[in-house]
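Enquirer: With the sequence up front, the predicted model follows.
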Amino acid sequence: MAPTHGSFAHPLSRRGLLAVGAAATGAALVGAPAHAAAGPTVIPLPDGFRPEGITIGGGPYAYLGSLGDGSIYRADLRTGTGKIVSPGPGTPSVGLKLDERGRLFVAGRAEGARVVDARSGEILASYRLAAATPTFANDVFLTPRAAWFTDSFQPVLYALPLGRHGRLPDAEDVVRITLGGAWSQVPGEVVNANGITRTPDGSALLVVQSGVGALHRVNPRTGVTELVDLGGADPLTNGDGLLLIGRTLYVVQNRQNAVEVFTLAADGRSGVFRRRITDPAFDVPTTVAAFRGRLYLPNARFTTTPTPETTYTVVSVPK
């Protein structure tokens, strides 16, 4: 078991793999031409699918996970058509990210995490992340050297160290970093840590704490956090998925049906509110991914009782 930040001595630290650096992307994946035309602004998903996470590679395909059975759906952004590419294991898929090797890193709520081949749908590896319960592996962010996961019920970040040529770690190599500093965990099964990304300069991580609406800058070696100064902007209540493009941070507020847009300082310690994005088609969007000049958000519809016939969509809006 990896030690927490108070006595950190995991080999990952000695190899320097906790450095955040630039985000890993799926830019070389499943290659559709970069000049692909813009597609529909509302993309239907299978009835009863219950989407939560979304990720987009270099080609015009979005991958979405189901909170119901954990299936992975691939949607063609040009046509709006799609199909299930990985049948679910019967447990939820929450946040997910695609790497340049065509692998999906999937947060699996109480089940931890798994890695799925986006082409074949094969589960390549599974990981028990938490050392305590209750646990809720919620979102994931990729760097070239690690996959980082948040836990909404525990004040802990998890890192899966990636070896040479992206080699997946063994099950016992999960690194657990306890959150401290400005972090104050709300007890019980309350959504705390949720969306995760990095600072613009790659020196630290950013994590939104949903229940209290706070954005934290996290030292990836120690877990010590500091509140990001957003210049008096309203709290990011129900803050969910995060997306960083350059120095622009998009923060999805799910039940507010809105995306808050900030310009961040390079080190991520402060930011300036720029605008709010809303759309009549939003119905509790949970997270966001980008392709070309547009943002794509899955409607989780948390205020609607899910049934096998409940309809779900992905909504596209300009960046």
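Expert: That came through fine.
Enquirer: Next secondary structure after the helix-or-strand element of the chain with minimal mean pLDDT?
Expert: Within the chain, no helix or strand scores below helix 11-14, which has a mean of 40 by mean pLDDT, DSSP states H and E. Next helix or strand after helix 11-14 toward the C-terminus (DSSP states H and E): strand 42-45.
Enquirer: could you pull out the strands for the stretch 51-200 of the chain?
Expert: 51-56, 61-66, 72-76, 82-86, 96-98, 103-107, 113-117, 123-127, 137-143, 146-151, 156-161, 175-178, 180-181, 193-198 (DSSP state E, counting those that start in this stretch).
Enquirer: The longest one vs strand 123-127, what angle?
Expert: Translated: strand 137-143. Per axes from the mean of the first three to the mean of the last three Cα atoms, to 10 degrees, the angle that strand 137-143 makes with strand 123-127 is 110 degrees.
Enquirer: could you give me the average pLDDT of strand 137-143?
Expert: When pLDDT is averaged over strand 137-143, the result is 98.
Enquirer: Ok, the fourth one next?
Expert: Computed over strand 82-86, the mean pLDDT rounds to 98.
Enquirer: can you check the first one too?
Expert: Computed over strand 51-56, the mean pLDDT rounds to 98.
Enquirer: in that strand, what counts as buried?
Expert: If you call a residue buried by 16 or more other Cβ atoms under 10 Å, then strand 51-56 has these buried ones: 51, 52, 53, 54, 55, 56. Any C-beta I mention is one placed from the backbone N, CA and C, and that applies to glycine too.
Enquirer: if we take the residues you listed, which one ends up nearest to residue 237?
Expert: Residue 237 lies nearest to residue 52 out of the buried residues of strand 51-56, by Cβ to Cβ, at 18.4 Å.
Enquirer: and that closest one, what is it in contact with?
Expert: Applying Cβ atoms under 8 Å, 6 or more residues apart in numbering to residue 52 gives the contacts 64, 65, 66, 67, 92, 93, 94, 95, 286, 287, 298, 300.
Enquirer: One more: residue 263?
Expert: 247, 248, 249, 271, 272, 274.
Enquirer: so the third one makes contact with residue 198?
Expert: Put plainly, it is residue 249. No - Residue 249 lies out of contact with residue 198 (Cβ atoms under 8 Å); the separation is 10.3 Å.
Enquirer: Need the residues touching each of those two.
Expert: residue 206.
Enquirer: coming back round to it: ok, so of the contacts of residue 52, who is nearest residue 309?
Expert: residue 66 (15.1 Å).
Enquirer: How many neighbouring residues does the closest one have?
Expert: Using other Cβ atoms under 10 Å, residue 66 has 25 other residues around it.
Enquirer: Enumerate every residue touching residue 49.
Expert: Shown in contact with residue 49 (Cβ under 8 Å, 6+ apart): 64, 66, 68, 71, 73, 312.
Enquirer: could you redo the last one with a cut-off of 10 Å?
Expert: Listed by Cβ atoms under 10 Å, 6 or more residues apart in numbering, the contact set of residue 49 reads 64-69, 71, 73, 84, 298, 306, 308, 310-313.
Enquirer: Mind checking which of those are buried?
Expert: 64, 65, 66, 67, 68, 69, 71, 73, 298, 312, 313.
Enquirer: Just give the closest residue to the fifth one, not the sequence neighbours.
Expert: In this case it means residue 68. For residue 68, ignoring the flanking residues on the chain, the nearest one in space by Cβ to Cβ, 6 or more residues apart in numbering is residue 50 at 4.4 Å.
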